[in-house]
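Engineer: here are the coordinates; sequence isn't available:
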């Protein structure tokens with residue numbers, strides 16, 4: 001594929017195409033709001049979407065045409081000698097939000113779906129393994145962040161939550177029929193369950209993280225057959241679905257169901 005390093009659109013927006021360098025991206029759009037990297041792949045996130053690079057070259061641009069482009073952000077200043085001594089290693093950015101309304105708005109803005117992780121963070125060993133080994137690992141984030149908004153739906157027993165957050169999480173659990181933890185459910189930008197990640201199937205991969213990534217990618221690829229626009233309200237904004245009544249015993253359990261509700 002021929003490189004399109006830097007062009008200028010009719011409306012004077014800078015446009016970077018496949019094959020352009022990382023420096024071309026920074027020159028066109030400024031410093032990214034966030035970034036993640038796994039091996040040779042890197043994702044740069046901007047208000048208007050994300051750019052995926054492979055070996056320092058643009059592989060994919062996922063920008064929404066309906067989002068106003070802000071002025072490019074300058075590169076943040078590097079640490080001084082005094083601040084470098086005080087600061088330890090930078091922890092990975094937490095991509096997981098907890099507010100459903102914010103996730104719905106972000107999903108509608110980016111025209112993607114929501115990956116909701118139902119966890120019992122302080123009592124469920126499998127949930128702790130997911131949170132510690134997978135949720136913020138670059139391999140997982142890089143593979144999934146371009147296609148999903150991450151939403152954490154937690155049910156701790158020793159950590160206090162606000163009444164609103166508890167109510168939201170309980171309604172989501174009932175709507176999605178979750179009974180095991182962790183459970184990964186894909187929601188539309190309307191807040192409706194549209195797919196379930198099967199975490200139980202043995203895919204012959206050596207690590208837990210690899211198995212989770214493969215399971216999410218499998219559902220993502222199946223959902224790509226259905227345009228995201230079909231999940232959006234007519235005005236392109238998020239509209240939370242009404243919560244469903246809790247499922248009765250014996251009804252479909254979405255937390256372990258491999259089929260997609262497309």
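Structural biologist: Looks like it arrived, so ask away. These numbers come from a predicted model, not from an experiment. Numbering: from 1, shown residues only.

Engineer: so residue 116 sits in a strand?
Structural biologist: Yes. Counting by DSSP: H, G, I helix; E, B strand; the rest coil, residue 116 is found in a strand.

Engineer: ok, it - how many residues close by?
Structural biologist: Residues contacting residue 116 under the criterion other CB atoms under 10 Å number 28. (C-beta placed from N, C-alpha, C; glycine too.)

Engineer: quick one: contacts for it?
Structural biologist: Counting by CB atoms under 8 Å, 6 or more residues apart in numbering, residue 116 makes contact with 151-153, 172, 176, 184-187.

Engineer: what pairs with it across the strands?
Structural biologist: residue 151, residue 185 (DSSP bridges).

Engineer: which pLDDT value goes with it?
Structural biologist: Looking at residue 116, its pLDDT reads 98.

Engineer: please report how far it lies from residue 27.
Structural biologist: Going from residue 116 to residue 27 by CB to CB, to the nearest Å gives 37 Å.

Engineer: next one: residue 109
Structural biologist: 25 Å.

Engineer: who has more neighbours, the two?
Structural biologist: residue 109 (19 against 15).

Engineer: my guess is the more buried one meets residue 64, correct?
Structural biologist: Yes. Under the criterion of CB atoms under 8 Å, residue 109 makes contact with residue 64 at 6.6 Å.

Engineer: where does this protein have its least confident helix or strand?
Structural biologist: Every helix and strand of the chain was ranked by mean pLDDT, DSSP states H and E. The lowest is strand 7-8, at a mean of 42.

Engineer: residue ranges for the strands of the stretch 1-150 of the chain, please.
Structural biologist: 7-8, 14-15, 34-38, 41-46, 49-54, 57-63, 113-119, 148-154 (DSSP state E, counting those that start in this stretch).

Engineer: what packs against the top helix by length along the chain?
Structural biologist: Taking DSSP state H as the criterion, the chain has its longest helix at helix 208-223. Using 3 or more CB pairs under 8 Å, 6 or more residues apart in numbering; DSSP states H and E as the contact test, the elements touching helix 208-223 are helix 125-133, helix 138-144, strand 183-187, strand 193-197.

Engineer: pick the most buried one from these.
Structural biologist: Among these, strand 183-187 has the highest mean neighbour count (mean count of other CB atoms under 10 Å), at a mean of 26.

Engineer: now the angle from that one to helix 208-223?
Structural biologist: Between strand 183-187 and helix 208-223, the angle comes out at 30 degrees (axes from the mean of the first three to the mean of the last three CA atoms, to 10 degrees).

Engineer: which sections of the chain are below the confidence cut-off?
Structural biologist: Residues of the chain that meet the criterion pLDDT under 70 lie in 1-14, 38, 66-67, 77-93, 229-262.

Engineer: one more pass at 80, please.
Structural biologist: Applying pLDDT under 80 to the chain flags the ranges 1-15, 33-41, 47-49, 62, 64-71, 73, 75-94, 227-262.

Engineer: show the contacting residues for the nearest residue to residue 115 once chain neighbours are set aside.
Structural biologist: Distance criterion CB to CB, 6 or more residues apart in numbering; nearest residue to residue 115, sequence neighbours excluded, is residue 148 at 3.9 Å. For residue 148, the contacting residues are 112-115, 186, 220, by CB under 8 Å, 6+ apart.

Engineer: at 7 Å instead, please
Structural biologist: Neighbour list for residue 148: 112-115 [criterion: CB atoms under 7 Å, 6 or more residues apart in numbering].
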